[in-house]
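>>> starting from these lines, generate the structure:
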Amino acid sequence: MSLIGYLLQLAVNAGAFLLIARLLPGFTVKRKETAFVMAFVYSLLAGIANKLAEVFLLSVLVSAVGMMVTIPILGWIAGALLLVSLPLLTLVVSFASAILVLVVTDEVIEDFEMDSMATTVIAAAMLGLVGGVGRWMLKLLLGF
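From the prediction side, this is the model:
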């Protein structure tokens, strides 16, 4: 991604944080400037968390294939079930990492507060939705 694309993505994330702060009680961004700092910290932490999640999911995939290769009939059944459930596992791991990244971002940034874990879970879902739509629009309109 180019520098301009990255900066536009940070702006989308900052806008998403401000929108969520307006819509979700308990999700407080004290200053608009804080939203840009949050977007930077969140993007940095999310990049690290995504790489760790990729390693975990790759190890699950290798385990599934390993079971299918080394253990006769039972290995095929277990490996096939693991491969079928891999998309759901990917979704759960991605959502859990988004929640964890929001919690760490909350701890690192003073002008950002979340009241409860329920707020964090809802905010992670909203951030995924708003950020995903924003990234899709950037890609569609500008090619980033």
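
>>> the spatially most central residue of the chain sits in which helix or strand?
Geometric centre of the chain, nearest residue: residue 98, 3.8 Å, by Cα atoms, centre = their mean. Per DSSP states H and E: residue 98 is located in helix 73-108.

>>> report the distance from that helix to the chain centre.
12 Å (Cα atoms, centre = their mean, to the nearest Å).

>>> how close does the residue lying farthest from the centre of the chain get to residue 61?
Distance to the chain centre peaks in the chain at residue 72, reaching 37.1 Å (criterion: Cα atoms, centre = their mean). Distance check for residue 72 against residue 61: by Cβ to Cβ, to the nearest Å, it reads 20 Å. To be clear about C-beta, it is placed using only N, CA and C from the backbone, and glycine gets the same treatment.

>>> still on that earlier bit, what average pLDDT does the helix holding residue 98 get?
On average, the pLDDT along helix 73-108 is 86.

>>> go on, stretch 49-64?
Here the average pLDDT along stretch 49-64 is 86.

>>> before we move on, what about stretch 135-144?
In this model, stretch 135-144 has a mean pLDDT of 80.

>>> leaving out the residues flanking it, which one is nearest to the residue nearest to the centre of the chain?
The shortest distance from residue 98 to any non-neighbouring residue, by Cβ to Cβ, 6 or more residues apart in numbering, is to residue 124 (4.3 Å).

>>> the one you found sits in which helix or strand?
helix 117-142.

>>> list the buried ones in that helix?
119-124, 126-127, 130-131, 134-135, 138 (16 or more other Cβ atoms under 10 Å).

>>> what do you get for stretch 18-28?
Neighbour-count burial for stretch 18-28 [16+ other Cβ under 10 Å]: 18, 20, 21, 27.

>>> among these, which are in helices?
Counting by DSSP state H, these place 18, 20, 21 in helices.

>>> JSON lines for the residues you listed, including distance to residue 67 and pLDDT?
Converted to JSON lines, these look like this (distance: Cβ to Cβ, whole Å; pLDDT from 0 to 100):
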{"residue": "18", "distance to residue 67": "47", "pLDDT": "93"}
{"residue": "20", "distance to residue 67": "41", "pLDDT": "93"}
{"residue": "21", "distance to residue 67": "46", "pLDDT": "93"}
